[in-house]
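Participant: following is a predicted model, sequence given first.
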Amino acid sequence: MDKQQLDKLEKDVTQNIQEGDIIFISIDSFLYRQVAKGTGSWTSHVGFIVREYNEWFVLESAVPKVTRCPLRKFLARTTHNEVSVMRVKEGLTPSQVDKLKHAAAEKMGRYYHLGFKYDSKRQFCSKFVHLTFKEALGIEIGKVQTLEVLLQENPQASVNFWRCWYLGFVPWQRKTITPASQLNDPKLVPVYTQC
């Protein structure tokens with residue numbers, strides 16, 4: 001996307017957001033395209049928004065680790081300007097936002113899990129959002145499920161890709177969570193969508 005498109009997207013998003021909003025994008029790389037395809041969704045990456053030093057940031061688990069990314073830089077990574085911002089239905093109080101930030105700070109610097117294993121100390125984008133909201137606020141965003149159930153629910157997914165990704169053996173009983181299950185979570189309401 002060119003600078004003018006990014007300027008407009010950033011302006012449109014920042015007019016609508018609050019701290020604690022969850023932001024979804026679509027990353028144009030082979031792995032992330034397979035994540036989106038495998039979940040029947042356009043989205044392949046997620047984080048949540050905070051405001052620090054009078055600037056907007058996205059807290060995210062990205063390769064190689066959990067980090068704080070300037071919102072503009074986060075938006076610049078999306079494909080075809082695809083963005084969705086969702087908010088917990090009841091909204092969040094300043095105290096709840098502080099709890100989210102504290103829970104996220106404890107995960108900063110943790111390495112990414114390329115095998116998308118929920119039961120691991122390592123993080124990945126949807127797990128990071130899920131655990132942070134759960135630990136800080138007792139709110140579970142998205143659905144934890146086994147790879148077997150996930151692929152059964154999404155017959156369009158490329159099992160051959162995942163077989164290769166897992167070096168020949170898909171760990172069918174491995175628990176995971178996806179950005180798509182979070183985007184579609186009824187506990188969230190849309191704030192801004194362009195996709």
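Facilitator: Received it, and whenever you're ready, just let me know what you need. Residues are numbered from 1 along each chain as shown.
Participant: for the spatially most central residue of the chain, helix, strand, or coil?
Facilitator: Nearest residue to the geometric centre of the chain (CA atoms, centre = their mean): residue 46, 1.7 Å. Under DSSP: H, G, I helix; E, B strand; the rest coil, residue 46 falls in the strand class.
Participant: for it, give the beta-bridge partners.
Facilitator: On the basis of DSSP bridges, residue 46 is bridged to residue 24.
Participant: buried sites along stretch 6-21?
Facilitator: By 16 or more other CB atoms under 10 Å, the buried positions in stretch 6-21 come out as 6, 9-10, 12-13, 17, 19-21. For glycine as for every other residue, the C-beta is placed from the backbone atoms N, C-alpha and C.
Participant: over to stretch 137-150?
Facilitator: In terms of neighbour count (16+ other CB under 10 Å), stretch 137-150 has its buried residues at 137, 139, 141-145, 147, 150.
Participant: and it, average pLDDT?
Facilitator: Averaged over stretch 137-150, pLDDT sits at 97.
Participant: can you tell me what sits against it?
Facilitator: 22, 38-39, 88, 92, 96, 99-100, 118, 126, 129-130, 133-134, 153, 157, 162, 170-179, 181-182, 185, 187-188 (CB atoms under 8 Å, 6 or more residues apart in numbering).
Participant: of the buried residues of stretch 6-21, just say which sits nearest to residue 29.
Facilitator: residue 6 (18.8 Å; CB to CB).
Participant: for residue 188, see how far away that closest one is.
Facilitator: Residue 6 is 25 Å from residue 188, where distance means CB to CB, to the nearest Å.
Participant: then residue 3?
Facilitator: On the measure of CB to CB, residue 3 and residue 188 end up 31 Å apart.
Participant: more neighbours, the two?
Facilitator: Taking neighbours as other CB atoms under 10 Å, residue 3 and residue 188 compare with residue 188 leading, 20 against 8.
Participant: quick one, phi psi at the closest residue to that one other than its chain neighbours?
Facilitator: Spatial nearest neighbour of residue 188, chain neighbours left out: residue 86 (3.9 Å); criterion: CB to CB, 6 or more residues apart in numbering. Here is the backbone geometry of residue 86 (degrees, to the nearest 10): phi -120, psi 160.
Participant: now do residue 152
Facilitator: Dihedral angles of residue 152 (phi, psi; degrees, to the nearest 10) stand at phi -70, psi -40.
Participant: now do the contacts for the residue nearest to residue 188.
Facilitator: With CB under 8 Å, 6+ apart, residue 86 has these contacts: 21-24, 182-183, 185, 188-191.
Participant: out of those residues, who's nearest residue 60?
Facilitator: residue 23 (8.8 Å).
Participant: can I assume the closest one is in contact with residue 50?
Facilitator: No - contact criterion CB atoms under 8 Å: residue 23 and residue 50 do not qualify, at 10.8 Å.
Participant: okay, these two: which has more neighbours?
Facilitator: When residue 23 is set against residue 50 and neighbours are counted by other CB under 10 Å, the residue ahead is residue 23, at 27 against 19.
Participant: residue 3 and residue 112, how far apart?
Facilitator: 29 Å.
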